[in-house]
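Novice: what would the 3D arrangement of this be:
(2 chains)
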Amino acid sequence: MNPAKTGAKMGATIDTSGNRIAARFAHLKKHKRAGLVTFIMANDPTPGTFMDILEGLPSVGADIIEIGVPFSDPMADGPSIQAAGQRALKHNTSLRDVLAAVTAFRRNEIDTPIILMGYYNPIYRYGAQEFAQDAAAAGVDGVIVVDLPPEESEELHVHLRANDIHMIFLTAPTSSDARLPDILRRASGFIYHVAITGITGTASASEEVVKAATARLRRHTDLPLAVGFGIKTPEQAKAIAAHCDAAVVGSAIVDVIGKGVNVEGKIDPGLTTKVLEFVKSLAVGVHGTWP
Amino acid sequence: MAEALNTYRGGADENGHFGLFGGRYVAETLMPLILDLEKAYDAAKNDPAFHAQLTDLHTHYAGRPSPLYFAERLTAHLGGAKIYLKREELNHTGSHKINNCLGQILVAMRMGKTRIIAETGAGSHGVATATVCARFGLKCVVYMGAKDMERQKPNVFRMQLLGAEVRPVEKGAATLKDALNEALRDWVANVNDTYYLIGTCAGPHPYPTMVRDFQCIIGDEVRTQLQAAEGRLPDSVVAAVGGGSNAIGIFHPFLDDPTVKIYGVEAEGHGANSGAHAMSIGGGSPGVLHGNRTYLLQDENGQIKDAHSISAGLDYPGIGPEHAWLHFQGRVQYVSATDKEALAAFQLCSKLEGILPALESAHAMAYVEKLAPTLPADHIIVANLSGRGDKDVFTVADALGAKL
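Specialist: Take a look at the predicted model:
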């Protein structure tokens, strides 16, 4: 089916039956609540603590989990996520290690969608086809590649489609109405709207700006809308979630992790609890909301 | 090696790819901006008024054409090929960087941008950007690695005198790669009024093509000047390659002349096997960074490795995508010179010709020293003297153990 020809809205062009992302958004819709998407960097601050946090996230209300794949040159990230990436790279964290962590997570958890988020070079170096196969085997549901705009996406997307992994596309305030259909016709899973023009964890968009942005996106797509960049508190998360299907929080969580590591690299023994308590406070805010 | 092509000057395809290389690997927020830039540049390229203004600036502001100079004593000393130097160091601001900055600042103003950002390694591009911003009254912010600010102090102060704000970048190795990351982060946060004036023939399309076009004046002039001096084409053309803007500028007009051998000289740092060099082609592999696919220094997991060169301008772990393609096609030979060889060439050129070459250009001179003695007296080499060495006197003094 060509959605452009039938006049239908763009998106959802691949079969999502049995997919955790579609199931999760259907579940949220059924319970009339918005979702919380949480971002943490793989192996931050250590492989062990990361695994503890990851495994604890579903029980404190994370509906979808994004795992950052560390990259030496994260040009779209602010200081918090840059620092998280550096902590991860101290453990020589590779894309293979990230997939191993997902495999371990999936031994006990089969419902919460896992999205890998990062930059293209580690995937390109791994090999797009091999990556798509291994990610599917590990239990990855979606992939966000920050520096792979629609114009360059096909070389990876073709392999992701073949392995039933969603390529999650980003939209930005600068994406014009003329450009949106080009993005959305490729999109599946959900749309990740970047609320601000800027890097992660810096400025925050006002509720009014987000409301207008999601209304504009709604004219183009029926896919679930997640909004992220600059959401730092339970109050902000709640306010933003009122205008979309899910709020994404990254830097604020990563900051809690960063504060639990002292200058010598020693980890606060209560860190996992602190991170999960913060996520719980975010979830309470978001889950009380339904657009 | 790939099959010989009818032309090597065809440039990128409509999506900015040079074969496997190039492209537009940027975040969605920036994508509409680079598409706008492409449109604005295409319009400028086809506007005679744009070219008339640029030519006027070249002549009366930058001092073009730069001389093509027969290096008589160096030729006699090396005892082989006849050596000509393209004197880009005599341009206003002291390097070839002004060629690109004049072109891009006119494009930026056509787009109605009021704030200019740039990255710089050695400071040559930063100075050239600060200069054109002063000339046209635009706000200028230059990102520079903290390590580079330390080794290029005179250029930092020059930029400040020209009214630019120089922002130190402490992250990573605190060199050119990190300055580029910060400039991209600034751009994504200031999309409405800001123009990113990239200094080398790298980054997302259309930058590699646009920068090349603005630098081709170097090779175009060499053709005319050598015709006047010798009545023929050169046999060899040599230029140093970091990102590769001075090199692509002198190479490109000769790509379709099969008798002209072309050499790009990468910075070999402490040596090819030392792990401390900046040889993206000689010691790297294809990858994606800073908006384009090209040869990169990277580990087996796709993490970018820090480059090393005594020359701040070559201290970058990538290379422009058109160079990657020319290497892949086998049209240009990419060779290398070490820190030590560049230092020796710096001194030789200074003593024999009375010209202090930039440490970047000294890498080209080091290869000329290797090449010339192996060739007959009727062989003509043209080397691009892309910048002047005044900015490097502290680094050279330090390396030679002299106290200033």
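Novice: would you mind listing what in chain B touches chain A?
Specialist: Proximity of chain B to chain A is confined to B:15, B:23-33, B:171-172, B:177, B:180-181, B:184-185, B:188-192, B:286-291, B:293, B:296, B:298, B:300-304 under the rule C-beta under 8 Å from any C-beta of the partner chain. The C-beta positions use only the backbone N, C-alpha and C, and glycine is treated the same way.
Novice: what residue in the stretch 1-150 of chain A comes nearest to chain B?
Specialist: residue A:125 (3.2 Å; C-beta to the nearest C-beta).
Novice: need phi/psi at that residue.
Specialist: phi -70, psi -40 (degrees, to the nearest 10).
Novice: grab the nearest non-local neighbour of the residue of chain B found nearest chain A.
Specialist: Chain A sits closest to residue B:302 of chain B, with a gap of 3.2 Å, by C-beta to the nearest C-beta. Leaving aside its chain neighbours, residue B:302 sits nearest to residue A:125 (3.2 Å; criterion: C-beta to C-beta, 6 or more residues apart in numbering or on different chains).
Novice: residue B:18 versus residue B:322, what's the distance?
Specialist: 5 Å (C-beta to C-beta, to the nearest Å).
Novice: ok, the residue nearest to residue B:302 - contacts?
Specialist: Neighbouring residues of residue A:125 by C-beta atoms under 8 Å, 6 or more residues apart in numbering or on different chains: B:287, B:298, B:300-302.
Novice: so for stretch B:181-196, mean pLDDT?
Specialist: Averaged across stretch B:181-196, the pLDDT comes to 96.
Novice: number of nearby residues for the nearest residue to residue A:197 once chain neighbours are set aside?
Specialist: Excluding the flanking residues, the one nearest residue A:197 by C-beta to C-beta, 6+ apart is residue B:191, at 4.8 Å. Residue B:191: 17 surrounding residues under other C-beta atoms under 10 Å in any protein chain shown.
Novice: how about the secondary structure of residue B:191?
Specialist: Under DSSP: H, G, I helix; E, B strand; the rest coil, residue B:191 falls in the coil class.
Novice: so it touches residue B:29, yeah?
Specialist: Yes. If you go by C-beta atoms under 8 Å, residue B:191 and residue B:29 touch, sitting 6.7 Å apart.
Novice: what touches both of the two?
Specialist: A:174, A:197.
Novice: next structured bit after the helix or strand hosting residue B:294?
Specialist: In this assignment (DSSP states H and E), residue B:294 forms part of strand B:291-296. Using DSSP H and E, the helix or strand that directly follows strand B:291-296 along the chain is helix B:321-329.
Novice: for that next one, output the C-alpha coordinates as CSV.
Specialist: Coordinates of each C-alpha in helix B:321-329 appear next as CSV, following Å, rounded to 0.1, in the frame of the first residue of the first chain:
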residue,chain,number,x,y,z
PRO,B,321,35.6,13.2,1.1
GLU,B,322,36.7,14.2,-2.4
HIS,B,323,40.3,13.3,-1.4
ALA,B,324,39.0,9.9,-0.1
TRP,B,325,37.4,9.4,-3.5
LEU,B,326,40.5,10.5,-5.5
HIS,B,327,42.6,8.0,-3.4
PHE,B,328,40.0,5.3,-4.1
GLN,B,329,40.2,6.1,-7.8
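Novice: and that helix, average pLDDT?
Specialist: Here helix B:321-329 scores 98 as its mean pLDDT.
Novice: centre of the chain to that helix, how far?
Specialist: On the basis of C-alpha atoms, centre = their mean, to the nearest Å, helix B:321-329 sits 15 Å off its chain's mean C-alpha point.
Novice: pull out the buried positions in the helix or strand that that helix is followed by.
Specialist: Sequence order places strand B:333-338 as the next helix or strand after helix B:321-329, per DSSP H and E. Going by neighbour count (16 or more other C-beta atoms under 10 Å in any protein chain shown), the buried part of strand B:333-338 is B:334-338.
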